[in-house]
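> got a predicted structure here, sequence first:
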Amino acid sequence: MDPFKSRVTPAEGKLAVLLPGMGAVATTFIAGVEAVKANLARPIGSLTQMAHLRLGKRSEKRWAKIKDLVPLARLEDLVFGGWDPIPDDAYTAAAKARVLSPEHLAQLEAPLKAIRPMPAVFDKRWVKRLEGQNVKKGSKRELANQLVQDIRGFMDKNKCARAVMVWCASTEAYQEAGPEHQSLAAFEKALDADSPDIAPSQLYAYAAISCGIPYLNGAPNLSADFPAMIEFAEKKGVAIGGKDFKTGQTLMKTIIAPGLKARMLGMEGWFSTNILGNRDGEVLDDPANFKTKEVSKLSVLEQILEPERYPELYKDLQHKVSIHYYKPRGDNKEGWDNIDIVGWMGYPMQIKVNFLCRDSILAAPIVLDLALFGDLAARAGMKGIQEWLSFYFKSPQHAASVYPEHDLFVQKVRLENNLRYLVGEELINYLGSDYTNE
Ligand SMILES: NC(=O)c1ccc[n+]([C@@H]2O[C@H](COP(=O)([O-])OP(=O)(O)OC[C@H]3O[C@@H](n4cnc5c(N)ncnc54)[C@H](O)[C@@H]3O)[C@@H](O)[C@H]2O)c1
């Protein structure tokens, strides 16, 4: 056996996939995994299930499927659990979310009906537009302890060897890190003092890390992206990552913008707007919650285009983003992008993108990959922020000393090289010296 490969503990036994928030994204993810297991669907959009990696020199013509290269948990070994203030089982929640057709859901009724959310740590202060009765009671410290008990109880009951947590709950109101977020000691003091500035998602992250479980954040809220939680993850040797699944318009932005920049084309403006009618859209209709999303969406272009390095091309760039809650569309978002670009001798051009996408269909494979890669990171002994998973996030969590990397293709190279490294394969630098020197 390869000496490097043996350093990653094998994926033996069951893996608990714990999901705070069992709405559209979470149920579409679970339904998809069950459909793949039952041979009713293919895992389209998932790198862990479908992608191949080139290995060695180009002249070797050697490729491997990611799941054959690194030891990943098998879909058959995943056990799903979660929390939601709305007590619907996963089948009912999926039916209400109306992402999947009733015919599709009917075939998956049994496994979905068996999944019932545990009572959530929920506070309307952070998500105004939701009402829920399936909610825990207690002080912040007690709530964190109850989550720890839930995690341990779930793993015991389902005989799970390991667990991973992926936040799929609503986007919380905007918050910047305050004094209580600056160190683990300050955070724990605030926890004991029942501070109103500790959001529910931070209690889930704290509970996961306490149990030694990787925590990946699919929404843009602060959650684990502040010094105290990073310190805690480092101390406990736990992998964390976030924020905000990269789907829809931001995915398109991080595909198109690096291409335009690579050709040194200028940009005067990028106007993005969309209509969305699911519960996520309803929550984001509240300005405090939209602000969290807006910050996440806006950061992308600045970093990719580097206006400070290329003032002649991007100095005056106007970037606008808006989201409109429009019920008739449900989960089937429609996005419009108008990009004003500038070419040779300053001549203007326009690009229009009209993306009729399905939000949860794009997000579900990301949840799967994050769960499997998060678990891989744990078995490989990787702790703290997992920047190699930036590929999946709109605002990638990063070390304080560096800027986040948004370019999808740079992110992809980073992810692939990380996998090659884990199994002792040569890292690819695209110099081409392998064949030109022959
Ligand atoms: N679908 C996408 O393309 C996409 C992309 C990026 C990010 N996201 C984010 O993923 C999250 C889920 O999206 P969705 O479409 O499934 O939304 P959704 O509204 O259908 O589901 C979210 C669920 O979270 C529950 N919830 C709220 N607060 C909770 C708490 N404190 N604890 C446990 N559960 C809680 C809600 O009751 C709801 O059932 C949202 O934050 C969204 O912004 C989605």
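Sure, I can see it. Fair warning: this is a prediction, and the values are worked out from it, not measured in the lab.

> the ligand contacts on the stretch 251-400 of the chain?
Those residues of the stretch 251-400 of the chain that sit near the ligand, judged by Cβ under 6 Å from any ligand atom, are 278, 279, 280, 283, 359, 360, 362, 363. Where C-beta positions appear, they are placed from N, C-alpha and C, glycine not excepted.

> helices - which of the residues you listed land there?
Judged by DSSP state H, the subset of those located in helices is 279, 280, 283, 359, 360, 362, 363.

> thought residue 218 was touching the last one, still the case?
Think residue 363. Yes. At 7.1 Å, residue 363 and residue 218 qualify as touching, with contact defined as Cβ atoms under 8 Å.

> got any residues that touch both of those two?
Common contacts of residue 363 and residue 218 (Cβ atoms under 8 Å, 6 or more residues apart in numbering): 25, 245.

> the more surrounded of these two?
For residue 363 and residue 218, the more surrounded residue by other Cβ atoms under 10 Å is residue 218, and the numbers stand at 30 against 25.

> so what's that one up against?
Counting by Cβ under 8 Å, 6+ apart, residue 218 makes contact with 25, 166, 167, 168, 242, 243, 244, 245, 363, 366, 367, 370.

> other SSEs contacting the helix or strand where residue 352 lies?
Assigned by DSSP states H and E, residue 352 belongs to strand 348-356. Judged by 3 or more Cβ pairs under 8 Å, 6 or more residues apart in numbering; DSSP states H and E, the packing partners of strand 348-356 are helix 248-262, strand 334-342.

> for residue 418, give me its contacts.
With Cβ under 8 Å, 6+ apart, residue 418 has these contacts: residue 388.

> please, which helix or strand holds it?
Applying DSSP H and E, one finds residue 418 within helix 408-422.

> what is the mean pLDDT for that helix?
The pLDDT scores in helix 408-422 average 95.

> now do it against helix 248-262, angle only.
90 degrees (axes from the mean of the first three to the mean of the last three Cα atoms, to 10 degrees).

> re earlier: who wins for neighbours among the ones in helices among the residues of the stretch 251-400 of the chain next to the ligand?
With neighbours taken as other Cβ under 10 Å, the top of these is residue 360, carrying 31 neighbours.

> correct me if wrong: that residue contacts residue 97.
Yes. Taking contacts as Cβ under 8 Å, residue 360 lies within contact range of residue 97: 7.0 Å.

> the helix holding residue 418: which residues count as buried?
Neighbour counts using 16 or more other Cβ atoms under 10 Å place 408, 411, 413, 414, 415, 416, 417, 418, 419, 420, 422 of helix 408-422 among the buried residues.

> identify the residues contacting the spatially closest residue to the second one that is not a sequence neighbour.
On the basis of Cβ to Cβ, 6 or more residues apart in numbering, the spatially nearest residue to residue 411 that is not a chain neighbour turns out to be residue 391, at 3.9 Å. Under the criterion of Cβ under 8 Å, 6+ apart, the neighbours of residue 391 are 246, 408, 411, 412, 414, 415.

> next one: residue 173
Residue 173 sits in contact with 125, 126, 127, 128, 199, 221, 286, 288, 289, 291, 292, where contact means Cβ under 8 Å, 6+ apart.

> of those residues, which is the nearest to the ligand?
residue 127 (5.1 Å; Cβ to the nearest ligand atom).

> any idea how far that closest one lies from residue 180?
20 Å (Cβ to Cβ, to the nearest Å).

> between these two, which one's more packed in?
More neighbours surround residue 127 than the other of residue 127 and residue 180, with 23 against 19 (other Cβ under 10 Å).

> which of the three states applies to the more buried one?
State at residue 127, reduced to three classes by DSSP: H, G, I helix; E, B strand; the rest coil: coil.

> dihedrals phi and psi, the closest residue to the ligand within the chain?
Across the chain, the shortest distance to the ligand (Cβ to the nearest ligand atom) belongs to residue 23, at 1.8 Å. Note on residue 23: backbone dihedrals following degrees, to the nearest 10 are phi -100, psi -140.

> ok, the one 10 residues further on next?
As for residue 33, its main-chain torsions (degrees, to the nearest 10) stand at phi -60, psi -40.

> count of neighbours near it?
By other Cβ under 10 Å, 26 other residues sit near residue 33.

> show me what contacts it?
43, 75, 78, 80, 368 are the contacts of residue 33 under Cβ under 8 Å, 6+ apart.

> look at it and report its pLDDT.
98.

> go on, residue 126?
94.

> quick one, helices of the stretch 1-150 of the chain?
In the stretch 1-150 of the chain, the helices defined using DSSP state H, counting those that start in this stretch lie at 24-37, 47-50, 66-69, 90-97, 102-106, 109-113, 140-157.

> need the contact partners of the fourth one.
Spelled out, it's helix 90-97. Taking Cβ under 8 Å, 6+ apart as the rule, helix 90-97 contacts 22-24, 26-28, 30-31, 80, 84, 86, 88, 100, 102, 105, 108-109, 112-116, 278-279, 331, 360.

> just the buried members of these?
Neighbour-count burial (16+ other Cβ under 10 Å) is assigned, among these, to 22-24, 26-28, 30-31, 80, 84, 86, 88, 100, 105, 108, 112, 115-116, 278-279, 331, 360.

> how does the chain divide up, domain by domain?
According to automatic domain parsing, the chain comprises the domains 5-245+361-422, 248-356.

> pick the most deeply packed of the ones you listed.
Highest mean neighbour count of the domains of the chain: domain 5-245+361-422, a mean of 20 (counted as mean count of other Cβ atoms under 10 Å).

> centre of the chain to that domain, how far?
7 Å (Cα atoms, centre = their mean, to the nearest Å).

> for the closest residue to residue 297 other than its chain neighbours, give me its contacts.
Closest residue to residue 297 apart from its sequence neighbours, by Cβ to Cβ, 6+ apart: residue 321 at 4.8 Å. Residues near residue 321 by Cβ under 8 Å, 6+ apart: 249, 272, 273, 294, 297, 298.

> now for those: which two are most distant?
273 and 298 (13.6 Å; Cβ to Cβ).

> any low-confidence regions in the stretch 1-150 of the chain?
Scanning the stretch 1-150 of the chain for pLDDT under 70 picks out 1-6.

> is it true that residue 42 touches residue 32?
No. Residue 42 sits out of contact with residue 32 when judged by Cβ under 8 Å, with a separation of 9.5 Å.
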